[in-house]
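> Just to be clear, the model below is a prediction. Sequence and coordinates:
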Amino acid sequence: LAGLARSGNCPECGRPIASSLPAARIGSPWQNRPGVRTAIITNLMALGHPGALMEKIRIEPRRGRGLMLLNLAVAGALLVDPWVGVLVGDPLRKVGNQPTFAWLAAYGATWALEVAFGIAVLLLLTYVEVLGVRFFAARRGWRLTRDAAWQVCAHASVGWIVAGFLPFVALAALAAAQRWLHWAPHGELNLAPVLATPIAWQQVAYVGLLLGGFLLGLLVFESLVYVGARRCRFANPPGAGV
């Protein structure tokens, strides 16, 4: 009878029962052996074959969080690094005339604190995404458990790295155009009477590239979460019955 039951289709998801059993979820490379190498492999799978990866992830409470924190650390560093000592109010601006060793110590401390802040912001956004994807899953009649939502968002967190990397690429392309092609946005954007002071088109280009790159990365993250939610709806943790 057990064999006959397992040969049918799951009454929830409609897939063959054998393929929807918890044992069929063999785990992502990171879940099976956490490490830098498996983190890279898992992230590449998420970007290249998200559906196949999300079909494999095990619904566990904690194993994917290390991958998420690692990805958030890389993304936080990419997002914060260009701004260290640049913005008004940054404490690093006050030690510009200090000896080299003192300046390096101040830079390292400021960089670490600002990256930690960036990680905290991304972690908060990821938590909001977990709540959001569970809410919309419930609206669609999908059973997406809390652990499943966290595993999906953890394996989709490579999207945050993309959100940090794309602005770097865009700014590097603009800098290359200025250096080797001697081209740069020029002129001013006049938004009077909204703004009393015109804005240089070069500033508009910088901000637009930064925001555009981040939003594209956010779109990658959201797309991966959607794929994962579809692949993990009705998924059960290891040891659950059918």
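Everything's here; your move. Numbering: from 1, shown residues only.
> any idea where the helices of the chain begin and end?
2-6, 17-20, 29-32, 36-48, 50-56, 65-80, 100-139, 146-156, 158-180, 201-232 (DSSP state H).
> of all those helices, which lies closest to G187?
Nearest to G187, of all the helices of the chain, is helix 201-232, at 5.1 Å by CB to CB. C-beta coordinates here come from the backbone N, C-alpha and C atoms, glycine included.
> Report all helices and strands that that closest one contacts.
If you count contacts as 3 or more CB pairs under 8 Å, 6 or more residues apart in numbering; DSSP states H and E, helix 201-232 packs onto helix 50-56, helix 100-139, helix 146-156, helix 158-180, strand 188-189.
> In the third one, which of the residues would be classed as buried?
Within helix 146-156, the residues that count as buried by 16 or more other CB atoms under 10 Å are 147-156.
> same thing with stretch 136-148?
Neighbour-count burial for stretch 136-148 flags 137, 142, 144-145, 147-148 (criterion: 16+ other CB under 10 Å).
> of these, closest to R33?
Among the buried residues of stretch 136-148, and counting by CB to CB, the member closest to R33 is D147, at 20.0 Å.
> which ones are touching the closest one?
By CB atoms under 8 Å, 6 or more residues apart in numbering, D147 lies in contact with 59-61, 237.
> Out of the helices and strands in the chain, which is least certain?
The weakest-scoring helix or strand in the chain, judged by mean pLDDT, DSSP states H and E, is helix 2-6 (a mean of 44).
> from the buried residues of stretch 136-148, which two are the most distant?
Farthest pair in these, by CB to CB: W142 and D147, 14.5 Å.
> picking up where we left off before, just say which of the helices of the chain is most tucked in.
Ranked by mean neighbour count under mean count of other CB atoms under 10 Å, the helices of the chain are led by helix 146-156, which reaches a mean of 25.
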